[in-house]
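Engineer: Please work out how this folds:
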Amino acid sequence: MRSTSRDLLRDQLVKAYDAKDFDRAVGLALQLKKEGDHSVDLDYSLGLIYHQSGRGAESIVHLMKAHAGEPKNFTYAWALAEAAKEAGKMDLAIQAYREALQIEEKHFDLHLNLATLFHRLDRREEGLVHFIRCTELDPNNALAFSNLGAAWQAIQQFDRAESAYRKSIELNPQLAQAWNNLGNLFHQVRRDSEAETAYRESLRLNPNYVEAIANLGDLLQVAGKLEEAEALYQKARTNGDRSPELCYNEGNLYLKRDEYLRAIACYDEAIEINPRMVQPYSNRGVAYLADGDVRKAMVSYQKAIALNPDFVDAHWNRSLAWLVTGNYEQGWPEHEWRWKLKKYYRRKMPQPMWEGDRFQGKRLLIFVEQGLGDTLHFARYIPMVKALGGTVILETQAPLESLMKVAPGVDEVVLQNGVLPEFDLQVPIICLPRIFKTKVDSIPNHFPYLNRPMVVAPLKWDSTKRPRIAVVWAGSPTHDNDRNRSCPLEKLIPLFEEKSWHWVSFQKGGASEKLKELPPHLSVENWGEQFRDFVDTAWALEEIDLLITVDTSVAHLAGALGKKVWLMIPFNPDWRWMWDREDSPWYPSFRIFRQGRDRRWETVVEKIKERLQSLKGSNSF
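Structural biologist: Numbers count the residues shown, from 1 in each chain. Below you'll find the model as predicted:
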């Protein structure tokens, strides 16, 4: 009679499970246990029911009982592995997968699932073993070779990755995923023309393949083909094909075009689709900061870091937000995350990093890591370093060599990328503010902190009785923010029309050619074409009364020498110029003229012109 009752409960259990009435199914299973059914099959069934109803912990308890009761049952081992993986119990999942493989070693899907899990956990070499086994078990499976290619690519075995992708395409030329993966490989190794061909073939095979659309759009952005990339994204949007990656890449496009609100909308959309995707939070923070909303930027960075505490971009971006708002106590330590960015390579040296201790009798190498302006800016710390000990060796860029040879605190100078002398300790120059625990009110303020070499530069210029004002309107065209940082020369024409001043140009490089395009009635003497290095620039600064410049290395040189500077900066400034200040704690001789929210240089030039007009008849800048 009891057996008949159990049979009835089992039939009802199956029907409840099939109907997805999991609460009823659980109740029926527990009733079976009360009636004495302690079979491993019932624990397996309970495990499946709990798993389907989202009760992962309870699912694992019963699947473990089933697996322990019949350790050679492949179905039980595999079910435990899948449930443990979904519940985030990765060690248990791996153990169960391996035990399942001991039962059926030639099971293709089992190898694939374990390989994918290892790949997800960044245990790439372990995953590779199982991806390879998949191709051995099914040598005609094109998708298996595509997956193997991705595994080789993940450990930077690019030749093997390409061979695997091409084998996949040989087996199935219509496999859009393989073409897309091959494009990813080419993009990573900077074979961008071949990458574009591969992406386009993937989209020919599957025009709605969202991942390939996102990847091709990203490639087009890198190539500067923003309009074509936008058209691609818009087509996908029209077709209703959206993915978090696609929304994220579209947001990046608008970020590059300084369309911050549109970028934020795209990042919001990516986050809505996948709230655990980290990158949109970080780049949304960048967009908010560029648009002047520091609070929302910080919230976005914090969310990114909460999702992934090791996400480098978010830490780096947060450091810049802290620095631009004057929170140096948190900003400098966070700034150390830059070393994990691809664009900042940390040199490997056997000598220990110097952290501010006294170093009498030792040789310390200070090396540069970024631009000329950064070297000039942070050179103020070198006398402070020298005061703590022995010999200070400065590695510097070639244009600064002569200037740095007479810099206070420097004992020896070597050129960047040259042969280094013997030394005992090393420190990047940009780490010095952190080491000296710099706050806004404790910035080293001894000026001038650089010296001009005694050798007089052989420069020539017109004599004049009018005050001389020098201008620099463009920085390095390779700078990440040059499109915002530099100002077209024609925007300065209203200044040149002021005849009370003698205008000279300190501009170097291709931008200086723009002087030839000025109207003939305007006179701007070209001094920059004579400058060979920064020593020449330093001597020329002695002959002017004011420098009006955008954010360039010349501005830093003038500030280091204590010269009067009117600095023109974009609405979204470099961190050191901070927000909403007309002065600079780094350079007391600076007056800052900022773009408004309209981001128009015309507004800045108008303010400068008004200020100049108020000073006519006076040299007091």
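Engineer: How many neighbouring residues does Arg611 have?
Structural biologist: 13 (other CB atoms under 10 Å). Bear in mind the C-beta positions are built from the backbone N, C-alpha and C, glycine included.
Engineer: Check what pLDDT Leu80 gets.
Structural biologist: pLDDT, Leu80: 87.
Engineer: Is it in contact with His67, as I believe?
Structural biologist: Yes: applying CB atoms under 8 Å, one finds Leu80 in contact with His67, separated by 5.0 Å.
Engineer: Touching both of those two, which residues are there?
Structural biologist: Common neighbours of Leu80 and His67, counting by CB atoms under 8 Å, 6 or more residues apart in numbering, are Ala96.
Engineer: Please identify which of these two sits among more neighbours.
Structural biologist: Between Leu80 and His67, Leu80 has the larger neighbour count (other CB under 10 Å), namely 30 against 25.
Engineer: tell me the contacts of that one?
Structural biologist: Shown in contact with Leu80 (CB under 8 Å, 6+ apart): Gly47, Ile60, Leu63, Met64, Ala66, His67, Leu92, Ala96.
Engineer: give me that answer again for 7 Å
Structural biologist: Leu80 makes contacts with Leu63, Met64, His67, Ala96, as judged by CB atoms under 7 Å, 6 or more residues apart in numbering.
Engineer: which stretches of the protein form strands?
Structural biologist: 359-367, 389-396, 412-415, 425-428, 468-472, 502-505, 525-526, 546-550, 565-569, 590-594 (DSSP state E).
Engineer: Give me the sheet partners of the last one and which way each runs.
Structural biologist: Okay, so that is strand 590-594. Within its sheet, and counting by DSSP bridges, strand 590-594 is paired with strand 565-569 (parallel).
Engineer: Next, name the residue at the spatial heart of the chain.
Structural biologist: Taking CA atoms, centre = their mean, the centroid of the chain lies closest to Asp313, which sits 4.2 Å from it.
Engineer: show me the contacts for the residue nearest to it when sequence neighbours are not counted.
Structural biologist: Closest residue in space to Asp313, ignoring its immediate chain neighbours: Ser282 at 4.8 Å, by CB to CB, 6 or more residues apart in numbering. With contact taken as CB under 7 Å, 6+ apart, Ser282 is in contact with Ser300, Tyr301, Ala304, Phe311, Asp313, Ala314, Asn317.
Engineer: is it true that the fourth one touches Gln302?
Structural biologist: When you say that, I think you mean Phe311. No: applying CB atoms under 7 Å, one finds Phe311 not in contact with Gln302, separated by 11.3 Å.
Engineer: Which residues are in contact with Ala96?
Structural biologist: His67, Ala77, Leu80, Ala81, Ala84.
Engineer: is it true that Ile305 touches Phe311?
Structural biologist: Yes: checked against CB under 7 Å, the pair Ile305 and Phe311 is within contact range at 6.2 Å.
Engineer: quick revisit: tell me which entries of the contacts of Leu80 lie within helices.
Structural biologist: Leu63, Met64, His67, Ala96 (DSSP state H).
Engineer: Compare Phe311 and Gln302 and say which is more crowded by neighbours.
Structural biologist: Per other CB under 10 Å, whichever of Phe311 and Gln302 has more neighbours is Phe311, with 20 against 14.
Engineer: so what's the more buried one closest to, chain neighbours aside?
Structural biologist: Phe311 sits nearest to Val278 (CB to CB, 6+ apart), 5.1 Å away.
Engineer: so how many other residues sit close to the one you found?
Structural biologist: Neighbours of Val278 under the rule other CB under 10 Å: 19.
Engineer: which ones are touching it?
Structural biologist: Ala304, Leu307, Asn308, Phe311.
Engineer: let's see it at 10 Å
Structural biologist: With contacts defined as CB atoms under 10 Å, 6 or more residues apart in numbering, Val278 is in contact with Ile271, Lys303, Ala304, Ile305, Ala306, Leu307, Asn308, Asp310, Phe311, Asp313, Ala314.
Engineer: What's the separation between it and Val312?
Structural biologist: Val278 is 10 Å from Val312, where distance means CB to CB, to the nearest Å.
Engineer: quick one: low-confidence parts of the stretch 301-450 of the chain?
Structural biologist: 345 (pLDDT under 70).
Engineer: domain assignment for this protein?
Structural biologist: 359-442, 468-614 (automatic domain parsing).
Engineer: Quick check on the contacts of Val278: which are buried?
Structural biologist: Ile271, Lys303, Ala304, Ile305, Leu307, Asn308, Phe311, Asp313, Ala314 (16 or more other CB atoms under 10 Å).
Engineer: so where's the stretch 501-621 of the chain shaky on pLDDT?
Structural biologist: For the stretch 501-621 of the chain, residues meeting the criterion pLDDT under 70 lie at 617, 619.
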